[in-house]
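S.K.: quick check, what structure comes out for this input:
(one chain, ligands or ions: 2)
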Amino acid sequence: MANIELRSVRKSFGAFEVIKGVDMDIRSGEFMVFVGPSGCGKSTLLRLIAGLEDITSGQLLFDGERVNDCAPSRRGIAMVFQSYALYPHMDVFQNMAFGMKLSGAGREDIEKRVKKAAAMLQIEKLLDRLPRQLSGGQRQRVAIGRAIVRDPRVFLFDEPLSNLDAALRVSTRIEIARLHKEIGNATMVYVTHDQVEAMTLADRICVLRDGVVEQIGTPLELYNHPQSLFVAGFIGSPK
Ligand code: ADP
Ligand code: MG
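M.R.: Ligands and ions are numbered 1, 2, ... in the order given. The predicted structure follows:
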C-alpha cells in the first residue's frame, strides 16, 4: 500500500517554479532516497511532504487521505535536519522528551519512550548532558532519537549526515539502516547527494533533476538500467 502519494505536485516561489509536476508513490515501510544535484528541489519536496511549505498545485495523500491542508503536527511525521537544531539549554533527556511533553504525554510514558530510543541509539549514558557537551555525531543521534520518541509513521531526513566527518558518517548511516529494520513499519524518506548513502540505504531511489523525477527504481535497477546519462552519472554506472 502506498503510504504517501504525490499527484502532479508543483511548487513555485513567486514566479519561480521549483517542483514541476512530481508523481510518485512512497510505499508503507519503504526506505525512499531522493538524490539529485544541489538546487534540484530535494529539500523543497521533503518540506512539502512535511507540510512546512504549501503545495502550489496537485495533491498530496497520506494513506489515501488528502493532507494538502493538514498542519505539519497532524501529519504523523518527524523530520531530522542536517543541522541538529537541539535546544541548547535543555539536556539530552529534555530535548528528546520535549515533543511528547507538548502533546501532553504522562511522565512515565515519556521516560519509557525516551529510554527505549536512547538504548536504540546507544546514547543512554548521555541523557543528562547538554548539547554543547556532545560531539557532532552524538548530537545527530539525539536529533534522530527525538524523532523516534514521537513514534511517527513517516521519518523525513534532509542530509542528516552531511555535517559529520567521514568515519561518523559511516557509523551513523549504519545506525539509520538498523533503525529502519528495528522500527519495522516506519516509512523513511531520505535526502542526500551522496551516492554511497543512497545505494546502501535505499529500497528505492528517486533521482530528481531540475524539479522533475528523472527515474525511480531500486539501487540495482538504476545501476543496471539507468534511463539517461544523467542517472548513470549520478549512480556511478557506466552507460
Ligand atoms: P536542494 O535541496 O535539492 O539543494 P532546494 O529544494 O533547497 O534544493 O531548492 C530548490 C530551488 O528552490 C533552489 O533554486 C532554491 O534557491 C529555491 N528555493 C528553495 N526554497 C526557497 C524559498 N523559500 N524561496 C525562494 N526560493 C527557494
Ligand atoms: Mg537541500
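S.K.: contacts for the helix or strand of the chain with the lowest mean pLDDT?
M.R.: Least confident element among the helices and strands of the chain, by mean pLDDT, DSSP states H and E: helix 166-183 (a mean of 86). Applying CB atoms under 8 Å, 6 or more residues apart in numbering, the external contacts of helix 166-183 come out as 31, 120-121, 135-137, 140-141, 144, 148, 157, 160-161, 164, 186, 188, 190, 194, 197, 200-201. (Glycine included, C-beta is placed from N, CA and C.)
S.K.: taking those residues, please make a PyMOL selection of just the buried ones.
M.R.: In PyMOL syntax, the buried subset of these is picked out as below (16 or more other CB atoms under 10 Å):
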select buried, resi 31+120+121+137+140+141+144+148+157+160+161+164+186+188+190+194+197+201
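S.K.: for the nearest residue to Q227 once chain neighbours are set aside, phi and psi?
M.R.: Once flanking residues are discounted, Q227 sits nearest to Q215: 4.8 Å by CB to CB, 6 or more residues apart in numbering. With angles defined as degrees, to the nearest 10, Q215 sits at phi -170, psi 140.
S.K.: now do the contacts for Q215.
M.R.: C206, V207, L222, P226, Q227, S228, V231.
S.K.: can you tell me which of those residues are in strands?
M.R.: Members of those lying in strands (criterion: DSSP state E): C206, V207.
S.K.: export the contacts of Q215 as CSV, with columns for distance to ligand 1.
M.R.: Shown next, in CSV, are these (distance: CB to the nearest ligand atom, whole Å):
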residue, distance to ligand 1
C206, 12
V207, 12
L222, 18
P226, 20
Q227, 20
S228, 18
V231, 16
